[in-house]
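Compute the structure for the input listed below.
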Amino acid sequence: MDRLLRGLLSQFIRRGSIIFTTADGATFRCGDGSGSPLAARFLTQAAERRLVTNPELALGEIYMDGDFVVEQGSIADVLALLMEQPYVLPGWAKTQGWLRYLARRLSQFNRRSRSRDNVAHHYDLDGRLYSLFLDADKQYSCAYFDSPDATLDDAQLAKKRHLAAKLRLTPAARVLDIGCGWGGLGLYLAETVGADVTGVTLSTEQLQVASTRAAEKNLTDSARFLLQDYRDVPGKFDRIVSVGMFEHVGVTFYDTYFRRCAELLSDDGVMVLHSIGRSEGPDSTNPWISKYIFPGGYIPALSEVLPCIERAGLLVCDIEILRLHYAETLKAWRERFMARREEAVQLYDERFARMWEFYLAASEMAFRKQNLMNFQIQLTKRQGVVPMTRDYIGQEEARLRALERGNRPLLKMAGE
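Residues are numbered from 1 along each chain as shown. Next up is the predicted model:
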């Protein structure tokens with residue numbers, strides 16, 4: 001096993017410098033010697049066999065189980081090294097990647113009941129977990145770092161402001177927030193602009209928090225939150241916004257999603273979709289992420305999204321690509337989580353804390369090293385609804401920033 005492990009890892013790892021120690025005590029170095037040296041140890045032969053058999057799934061599992069230990073550097077450093085190799089997948093794992101791609105429509109067949117189960121798996125965890133690393137407003141999506149010195153709280157506020165500017169909101173505009181999370185964006189739109197917001201989620205935990213926050217702010221008349229699938233929302237809306245939800249729709253339901261949005265959007269309405277995207281064409285979801293973090297989830301390529309928008313009769317008015325913004329967001333989350341890691345262990349256990357550490361580190365490095373990005377697509381049903389140039393976005397952001405100063409509360413950590 002030592003010889004096989006060494007041969008396979010040496011074949012894959014061509015850049016960087018890492019020393020592996022096997023369960024039998026043998027050591028070998030991989031890479032070209034560049035960068036900071038790293039070291040990792042396999043504690044069992046079973047862990048070595050699992051890595052050889054199914055590397056994309058096994059690496060996260062053996063780290064969670066404590067059978068793969070980073071002795072020099074961190075798991076984030078190791079993942080950064082692995083993700084900057086010349087090939088995305090080890091050669092011996094390509095067949096498994098193709099099989100996952102062929103089966104992806106089945107794994108993403110997110111009918112209503114399955115969507116609820118998938119959401120509960122991740123978003124109905126103990127709310128105190130998210131308070132360990134999110135900003136004060138509990139924004140669990142890519143922030144918008146509009147200045148080099150922006151804090152995480154600054155960047156999440158800037159993200160809400162940026163989206164609001166693209167929505168071209170007016171007071172009392174009827175807004176649908178698909179996948180409203182803990183209510184932060186909807187409450188911002190209601191409080192700052194005076195919009196009439198309906199937010200929908202499939203998470204009972206998020207619904208309870210969002211509704212409580214609306215009551216605390218005396219916004220229940222203008223910001224209501226419902227436990228409802230986007231496919232079942234009635235009515236017409238002047239504006240539709242969806243942030244960090246589209247990744248849970250599944251490629252099988254993209255046509256359904258955009259056709260329903262077209263039905264819900266008024267003739268003069270504007271929709272803004274904010275989602276993670278992949279820059280290198282359609283693929284499949286990493287098996288470890290699919291099993292432990294986001295079952296049924298998928299990060300789309302624009303080439304998969306735009307044809308569905310066209311078939312739904314919607315017009316694309318603007319596409320913005322946010323490149324390293326999510327890498328910086330995830331870095332802030334990871335650092336905050338690691339600073340309070342022991343609290344996560346107390347909430348769950350050591351294995352869970354290792355799982356969450358691996359998830360945040362792997363996600364960050366996927367954006368930093370493997371060309372994932374975020375896109376914001378602005379949609380309408382007819383021409384002439386939004387201005388011909390993008391100058392209005394900055395102008396509206398300036399106006400919103402001035403409004404924020406009049407009702408901005410003192411920021412606290414999300415758990416305070």
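
what about stretch 313-326, how long is it end to end?
One end of stretch 313-326 sits 30 Å from the other (Cα to Cα, to the nearest Å).

Quick one: residues in contact with stretch 184-199.
Identification of contacts with stretch 184-199 by Cβ atoms under 8 Å, 6 or more residues apart in numbering yields 137-139, 156, 160, 163-164, 167, 169-177, 180, 183, 210, 213-214, 217, 219, 222-226, 233, 237, 239, 241, 243, 400, 403-404, 407. Quick note: C-beta positions are derived from backbone N, CA and C, even for glycine.

cutoff 6 Å now
Here stretch 184-199 makes contact (Cβ atoms under 6 Å, 6 or more residues apart in numbering) with 137-139, 160, 169, 171-177, 180, 219, 222-225, 403.

Now a PyMOL select for only the buried ones of those residues.
Selection of buried members from those for PyMOL, criterion 16 or more other Cβ atoms under 10 Å:
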select buried, resi 137+138+139+160+169+173+174+175+176+177+180+219+222+223+224+225
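
Helices - which of the contacts of stretch 184-199 land there?
Among these, DSSP state H puts Lys160, Leu403 in helices.

Which of the contacts of stretch 184-199 fall within strands?
The strands, defined by DSSP state E, take in Arg174, Val175, Leu176, Asp177, Ala223, Arg224, Phe225 from the contacts of stretch 184-199.

my guess is the second one contacts Ile240, does it?
No. The pair Val175 and Ile240 does not pass the contact test of Cβ atoms under 6 Å, sitting 7.4 Å apart.

what residues are up against the spatially most central residue of the chain?
By Cα atoms, centre = their mean, the chain has its centre lying nearest to Ser141, at 5.5 Å. Going by Cβ under 6 Å, 6+ apart, Ser141 touches Val243, Gly244.

gap between it and Gly384?
Ser141 sits 30 Å away from Gly384, going by Cβ to Cβ, to the nearest Å.

same deal with Ser279?
Distance of Ser279 to Gly384, computed by Cβ to Cβ: 31 Å.

Please apply the same query to Asp149.
According to Cβ to Cβ, Asp149 stands 39 Å off from Gly384.

In terms of neighbours, single out the busier of those two.
Neighbours were counted for Asp149 and for Gly384 using other Cβ atoms under 10 Å; Gly384 has more, 9 against 6.

And the longest strand anywhere in the chain, what's buried?
As assigned by DSSP E, the longest strand anywhere in the chain is strand 265-278. Buried positions in strand 265-278, judged by neighbour count with 16+ other Cβ under 10 Å: Leu265, Ser266, Gly269, Val270, Met271, Val272, Leu273, His274, Ser275, Ile276, Gly277, Arg278.

Same check on stretch 77-91?
For stretch 77-91, the neighbour count (16+ other Cβ under 10 Å) marks Asp77, Val78, Leu79, Ala80, Leu81, Leu82, Met83, Glu84, Gln85, Val88, Pro90 as buried.

just checking, Arg112 touches Tyr230?
No. Look at Arg112 against Tyr230 with Cβ under 6 Å: they stay out of range, at 10.0 Å.

Looking at those two, which is more packed in?
Relative neighbour count places Tyr230 above the other of Arg112 and Tyr230, with 24 against 12, counting by other Cβ under 10 Å.

Looking at the more buried one now. What's its pLDDT?
Tyr230 carries a pLDDT score of 95 in this model.

which one is it nearest to, not counting chain neighbours?
Nearest non-adjacent residue to Tyr230, counting by Cβ to Cβ, 6 or more residues apart in numbering: Ile178, 4.8 Å away.

Relative to Asp154, how far out is the one you found?
Between Ile178 and Asp154 the computed distance is 26 Å (Cβ to Cβ).

Can you pick out the residue with more neighbours from these two?
Using other Cβ under 10 Å, the more surrounded residue of Ile178 and Asp154 is Ile178, with 26 against 17.

and the more buried one, what does it touch?
By Cβ under 6 Å, 6+ apart, the residues touching Ile178 are Tyr230, Ser242, Met245.

cool, Val305 as well?
Counted by Cβ under 6 Å, 6+ apart, Val305 has zero contacts.

related to what we said a few turns ago, so which elements touch the longest strand of the chain?
helix 152-167, strand 237-243, strand 372-380 (3 or more Cβ pairs under 6 Å, 6 or more residues apart in numbering; DSSP states H and E).

tell me the angle that strand makes with strand 237-243.
10 degrees (axes from the mean of the first three to the mean of the last three Cα atoms, to 10 degrees).

Quick one: residues in contact with the helix or strand hosting Ala76.
Element membership for Ala76, per DSSP states H and E: helix 75-83. Outside helix 75-83, the residues that touch it by Cβ under 6 Å, 6+ apart are Gly16, Leu38, Val70, Phe358, Ala361, Ala362, Met365, Lys369, Gln370.

residues in contact with whichever strand or helix holds the third one?
Pointing back at Val70 there. In the assignment (DSSP H and E), Val70 maps to strand 68-72. Contacting residues not belonging to strand 68-72 are listed as Leu38, Ala39, Ala40, Arg41, Phe42, Ala47, Ile62, Val78 [Cβ under 6 Å, 6+ apart].

Give me the buried positions along that strand.
Of all the residues in strand 68-72, those buried under the rule 16+ other Cβ under 10 Å are Phe68, Val70.

Spell out which strands sit alongside it in the sheet and which way each one runs.
strand 38-42 (antiparallel) (DSSP bridges).

Report all helices and strands that the helix or strand following the strand it pairs with contacts.
Next in sequence after strand 38-42, counting helices and strands by DSSP H and E, comes helix 45-53. Where contact means 3+ Cβ pairs under 6 Å, 6+ apart, helix 45-53 is packed against helix 55-64.
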